[in-house]
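S.K.: okay, structure incoming, though there's no sequence with it:
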């Protein structure tokens, strides 16, 4: 009964990849919104433009709740499902903030427009698009760009860094004041946060999250000199021919040669060995495929190369805008551009 007042619930896959209802406390979330306002240097921001659904915890706290707590303007759009209205809102922006996911970067690059009225751009919900920062700086020439890291159970923020403070996407910077991070024995990154969720509901029922509990993020991570580096999702790191494969790091290799959407799905080869397949969108040219292979050749042993390079007209996304990796393998009308001769 204590959860019926001053609490809210969000349906999410959470850190487990399985649907769950994550329950947050209103006072905690409002205090997190105030903290993010300070850490993200949002004092000059007068409005925030929605390009993601509010069912996404990141947009709900960083935008809807921020606007409510700080008394600022919230501009509703339906994102790229109604691209004309989104672009119109961006053209009319004045001291605005926008929250995005990395897969949206190529959509902004199309058309060559720039939006000088946007002064803060935030990314979360997946790999930070470090290799595409120059594109973002052309689209938003007056904006500070931030890498935000967290998960739904964190409600949803654990760390924030300016894009200019690091050169690799895996660097999430320093934890927020009051947030603790550690690496468990299995390499998994865990957290304790005074702003995090208080409970969750899954197929087994209601689970309370205590103040002294270390909550898994679903990521692997290491600490270096006070800063934290992600080394992959727990389900995106595996061994192939004895070599450690970390799919988010391989995606950085792809991004050095390809600016469109891209993702991996896992597949076993003919010998039963774990491998991965790269899927691009839209269809790449032969030169694009050659550039990607050259990037792999320069940075990784052959065991880390994809089994195949495929493409589709569009990559599937979840309602929150993230790439739907579970659907990549079953996409219809994929084109195979390259395959390993010896898998």
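M.R.: Right, received. Where do you want to start? None of the values given here were measured: they were computed from a predicted structure.

S.K.: quick check: the gap between the closest residue to residue 280 other than its chain neighbours and residue 237.
M.R.: Take residue 280 and drop its neighbours on the chain: the residue closest to it by CB to CB, 6 or more residues apart in numbering is residue 311, 4.6 Å away. In this view, the C-beta of every residue, glycine as well, is placed from N, C-alpha and C. Distance, residue 311 to residue 237, using CB to CB, to the nearest Å: 25 Å.

S.K.: between the two, which one's more packed in?
M.R.: residue 311 (22 against 17; other CB atoms under 10 Å).

S.K.: I figured the more buried one hits residue 283, correct?
M.R.: Yes: look at residue 311 against residue 283 with CB atoms under 8 Å: they come within range, at 4.8 Å.

S.K.: shared neighbours of those two, anything?
M.R.: residue 335 (CB atoms under 8 Å, 6 or more residues apart in numbering).

S.K.: what does stretch 288-301 contact?
M.R.: Against stretch 288-301 from outside (CB under 8 Å, 6+ apart): 243, 250, 253-254, 256-258, 278, 280, 284, 304-306, 309, 337-338.

S.K.: which ChimeraX command selects the buried ones in those residues?
M.R.: In ChimeraX, a selection of the buried entries from the contacts of stretch 288-301 looks like this (16 or more other CB atoms under 10 Å):
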select :250,253,254,256,257,258,278,280,284,304,305,306,309,337,338
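
S.K.: and the two most separated of the contacts of stretch 288-301?
M.R.: Taking CB to CB as the measure, those span a maximum distance of 25.5 Å, between 243 and 284.

S.K.: from residue 260, how far off is the residue nearest to residue 130 when sequence neighbours are not counted?
M.R.: Leaving aside its chain neighbours, residue 130 sits nearest to residue 169 (3.9 Å; criterion: CB to CB, 6+ apart). Residue 169 is 17 Å from residue 260, where distance means CB to CB.

S.K.: neighbour count: the two, which is higher?
M.R.: Ranked by neighbour count (other CB under 10 Å), residue 169 and residue 260 place residue 169 first, with 25 against 19.

S.K.: assumed the more buried one was part of a strand.
M.R.: No: Residue 169 is assigned coil when assessed by DSSP: H, G, I helix; E, B strand; the rest coil, not a strand.

S.K.: what's it in contact with, if anything?
M.R.: Here residue 169 is in contact with 127, 128, 129, 130, 131, 147, 248, 252 (CB under 8 Å, 6+ apart).

S.K.: quick one: contacts for the last one?
M.R.: Going back to what we said before, that points to residue 252. With CB under 8 Å, 6+ apart, residue 252 has these contacts: 127, 130, 131, 168, 169, 170.

S.K.: try 7 Å this time
M.R.: With contact set as CB atoms under 7 Å, 6 or more residues apart in numbering, residue 252 has these partners: 131, 169.

S.K.: wait, is it part of a helix?
M.R.: Yes: counting by three-state DSSP, residue 252 is found in a helix.

S.K.: so how far is residue 313 from it?
M.R.: In terms of CB to CB, residue 252 sits 24 Å off from residue 313.

S.K.: for this structure, which spans come out with low pLDDT?
M.R.: Within the chain, the ranges that satisfy pLDDT under 70 run 13-18, 319-321, 342-343.

S.K.: could you point out the longest strand in it?
M.R.: Ranked by residue count under DSSP state E, the longest strand found in the chain is strand 215-224.

S.K.: and that strand, what does it pack onto?
M.R.: For strand 215-224, the packing partners by 3 or more CB pairs under 7 Å, 6 or more residues apart in numbering; DSSP states H and E come out as strand 180-183, strand 188-192, strand 227-233.

S.K.: most packed of the ones you listed?
M.R.: strand 188-192 (a mean of 21; mean count of other CB atoms under 10 Å).

S.K.: off-centre distance for that one?
M.R.: How far strand 188-192 lies from its chain's middle: 17 Å, per CA atoms, centre = their mean, to the nearest Å.
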